[in-house]
Every structure is written in C-alpha cells, then in structure tokens.
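Chemist: Build me a model from this:
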Amino acid sequence: MKNWFRNFTACAILFFGSIVALKAQSGYDGMYLIDARAHKKNLELFRSKNKGFLEKLNRLKIEAEKILSKETYSVTFHKTSTQSTSDVHDFYSKSPYYFVDQAGKAFMKDGARNPKIKEDKDKEQLVKLLDDLKVLSIAYFYTKDERFAERARLLMDTWFINVKTKMNPNMNFAQIKPNSNQGTFSGIIESRQLVCLPDVLFLLQDSKKVDANFVSSMRIWFKSYLYWLETSKLGRIASVQKNNQINYYNLQVYVFKLFTGTNMQEVRSMISNSTLDNIKHQINEKGEQTIELKRATPIGYSLFNLKALSLIALFSENIGGPDLWNYEQNGSGIKSALIWLDKQYVNQKINKKTNPKFENILPGHLWGLYTLAQKRISNLSLSYKQINNQSVGISSAYFEFN
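Modeler: Model prediction:
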C-alpha cells in the first residue's frame, strides 16, 4: 500500500506536464477521451489516501494481476476455413443483422442478431484486448508496477506491430454479408474502440517499457489505418452517412489524426465543419434522434448515437475545440437529446404501451451520459439525477464509453 503513495509525485507530474515521448512525435501531450475533471478528482483522492478510492484501486490491481497470466490476442489466431479473406492478418467479421433463407438468399432483419457471428473471433478478441489494456494502463498509472506496463506492451505489440501476428490496418472484411466476400462500410463501427489507445499510452508513458520507439511504431500502424479510413471505398461511404455511423467514423478520424501528427487547429476545424452540422440534422427540436428512432431498437440506437456525440464533445473539450455540449440550433442539441431520453426513462412504462418497439432503459444505460453532461451543460435539468454509482470503478473516469 505504501508503495502506491511513493509514486503519487510521479502521477502528478504526468498529469500536469512533461509527456515527452508523445509530444515529441505528435505535438500533443494531453488526454484524448479521458474525463480530465474526473481524473483530477481521482488524483486528489489518491493523494488524500481516500479509503473508498484505495479499495477500488485494490480491486483494479487484482484484476490487472489476473491479466498478467491471460493469453495475448491476434487476428491471426482462431481463423476458420470458411472466411472470405485468405490473409490471416485481415480483421474478419460477419454482418450481425443478415441471415440466409432456405433458398440461399441473404436478407436483413434489423434488431435480430445472427448467432453465427460468434463463430468468428476477431471482434471478440479486439474487445478483450482493449478491455485488458484499459485495466493495465490505469493500474500502472497509480501503482507504477512495471509488470502491468510490460504486459500492455506485449498485448499491443502482438496486435499492432509484430509481423507474424499484427492486424492489417484496414476493415476490408468487417461485417461481411452472406454470399459476399467483401466487407461493408458499417464494419468500420467495429474499430470504434481503438480510439482508447492514445489514452492507454498516455497513462503508460512513465514506463521504460513503453518508450518513444514503441509509441512511434504504434503511430505508424494508426497512420496507415487512418489513410485507409479516408481513402478506401468503404471509408468514403462511411464518411457520408447520416446516422450514428458518421459520428463513430468521425470520432476515429479526429482522434487518429491528432495522434499521428495532424495540427490541432485542423482537427478543431474538422469538428466545427462536420459534427456541429451532424448535431443539427440528427436531433430535432424535441430532442428526438429521428434517424435512430426508425430502427428496430430505437432507444438503444438513440443511446448509441448520443454516446458517440458525447465522446466527440469530450474530445473537443480536451483539445480546446468547439463546445459541443452546449451547442444548440433551433432547440436541437445534445442537451435536448438528453432531456428526451430522460423523459423516456421516467415514462417508459407508459411509452411501451403506445410504442411496443421501445426497449427497457436501465440506470446503467444513462449513468455515463449523465455524469459527463451534468458537469458541462448549462441549466441541464434531468428528472432522474441520482443514479447510484457506489459500485462504479476507477476506470469509468478514463474509458466510460470507449
């Protein structure tokens, strides 16, 4: 326990200044999608030896210890003979809402997931990889236990750098439809959680195991992936969508551009030129996300899209970009969308009688959105303010949605 406190000075230095390895290569030395206010509060709790915080930290440390003996992950593992790509380095997944009828013809059934998507393991492995990296990076930041940083480096090296196991920097074979051998633009949604990697490296950068050369190698992979996002046919299609797809596409482009060296002002301008317009067109004056409400699971997709917009708003805040939290155009904005969702939560029993498509809304679905928004949106009044967060771990301040 005492060793943790000896490392606090290093934590504070990291938070307030000198992040040499990242800054030297990207020009940006800050956080991407970490809630800076919550991070600062965590540091204060750590410094004051807050009992509740230290208990949560101990649970996180135990979780990190378990990861040390877990397997690594790679798209080259668990490939099947039925996949369309002959290159084991390609990320591969099936489109979740597509099925095959008795005549062998493909058809879509929105809201119904094909159980065969579980046969392919790349998506599952990517989710597990990023979950492990999140735990390891936070555990390292507070404990300075080099075992956690070393394991995180191995996991990243296996997926992104090692020539024998790395993933090709594209999503050409993601969400393939039946009777097809090519991916779809919607498959880009499956790489959305990669946006956590710059913050993982931010938390790890006091470690000698994660040196400038390693970060540079990571940046090379993301630069290649960014090029694919912006120039490939699938990427170009995703870039002109009107629903949640465009927001998760833009989130990746914004983060990866800044991470790979694009000037911060250019990224800010991109947010102003694209996301402000998306908010205006996706959310009406009542706070309804009209495109998402056409889906088979309208509440789920409304939440999903609002999470993307909230992540972009947090990113914009962290880099001094436009204030998306309080942006409003004729009543449409993140604020009105939150108020609308809050009403659906409060009145969901009544709403489900009039609209059977509406799904159940649980407190956990709203906690992250509320926590971020209530600290940032002026005069935000929500009926359901007090969501019990006593069991929420430390990681929620760092990787709430991503």
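Chemist: what about the stretch 301-402 of the chain, any weak spots by pLDDT?
Modeler: 384-391, 402 (pLDDT under 70).
Chemist: mind running it again at 50?
Modeler: 390 (pLDDT under 50).
Chemist: mind listing the strands for the chain?
Modeler: For the chain, the strands defined by DSSP state E cover 92-94, 98-100, 106-108, 173-176.
Chemist: possible to save these as CSV with mean pLDDT, mean neighbour count and distance to residue 225?
Modeler: Backbone N, C-alpha and C define where each C-beta goes, glycine included. Compiled in CSV, these are given as follows (pLDDT from 0 to 100; neighbours: other CB atoms under 10 Å; distance: least, CB to CB, whole Å):
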stretch, mean pLDDT, mean neighbour count, distance to residue 225
strand 92-94, 94, 24, 16
strand 98-100, 90, 17, 25
strand 106-108, 86, 12, 28
strand 173-176, 95, 24, 12
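Chemist: Would you mind checking the average pLDDT for stretch 71-82?
Modeler: Averaged over stretch 71-82, pLDDT sits at 88.
Chemist: Same check on stretch 140-152?
Modeler: 98.
Chemist: which parts of it are buried?
Modeler: 140, 141, 142, 143, 144, 145, 147, 148, 149, 150, 151, 152 (16 or more other CB atoms under 10 Å).
Chemist: now it, how far from the centre of its chain.
Modeler: Averaging C-alpha positions (CA atoms, centre = their mean, to the nearest Å) puts stretch 140-152 22 Å from its chain's average.
Chemist: okay, it in PDB with CA atoms only?
Modeler: Provided in PDB are the C-alpha atoms of stretch 140-152 (Å, rounded to 0.1, in the frame of the first residue of the first chain):
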ATOM      1  CA  TYR A 140       0.200   1.100 -14.000                       C
ATOM      2  CA  PHE A 141      -0.500   4.800 -13.700                       C
ATOM      3  CA  TYR A 142      -1.300   4.600 -10.000                       C
ATOM      4  CA  THR A 143       1.000   1.700  -8.900                       C
ATOM      5  CA  LYS A 144       3.900   2.200 -11.300                       C
ATOM      6  CA  ASP A 145       4.200  -1.600 -11.300                       C
ATOM      7  CA  GLU A 146       6.300  -2.300 -14.400                       C
ATOM      8  CA  ARG A 147       4.700  -5.700 -14.900                       C
ATOM      9  CA  PHE A 148       1.500  -4.000 -15.900                       C
ATOM     10  CA  ALA A 149       3.200  -1.800 -18.500                       C
ATOM     11  CA  GLU A 150       5.200  -4.700 -19.800                       C
ATOM     12  CA  ARG A 151       2.100  -6.800 -20.300                       C
ATOM     13  CA  ALA A 152       0.300  -3.900 -22.000                       C
END
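Chemist: what's next to stretch 304-315, contact-wise?
Modeler: Stretch 304-315 is contacted from outside by 32-33, 35, 192, 195, 243-244, 247-248, 250-251, 254-255, 271, 275, 278-279, 282, 289, 292, 321, 323-325, 334, 337-338, 341, 368-369, 372-373, 376, 401-402, using CB atoms under 8 Å, 6 or more residues apart in numbering.
Chemist: so how far is that stretch off the chain centroid?
Modeler: Per CA atoms, centre = their mean, the centroid offset for stretch 304-315 relative to its chain is 9 Å.
Chemist: sorry, back to before: just the buried residues of stretch 140-152: which are in helices?
Modeler: The helices, defined by DSSP state H, take in 140, 141, 142, 143, 147, 148, 149, 150, 151, 152 from the buried residues of stretch 140-152.
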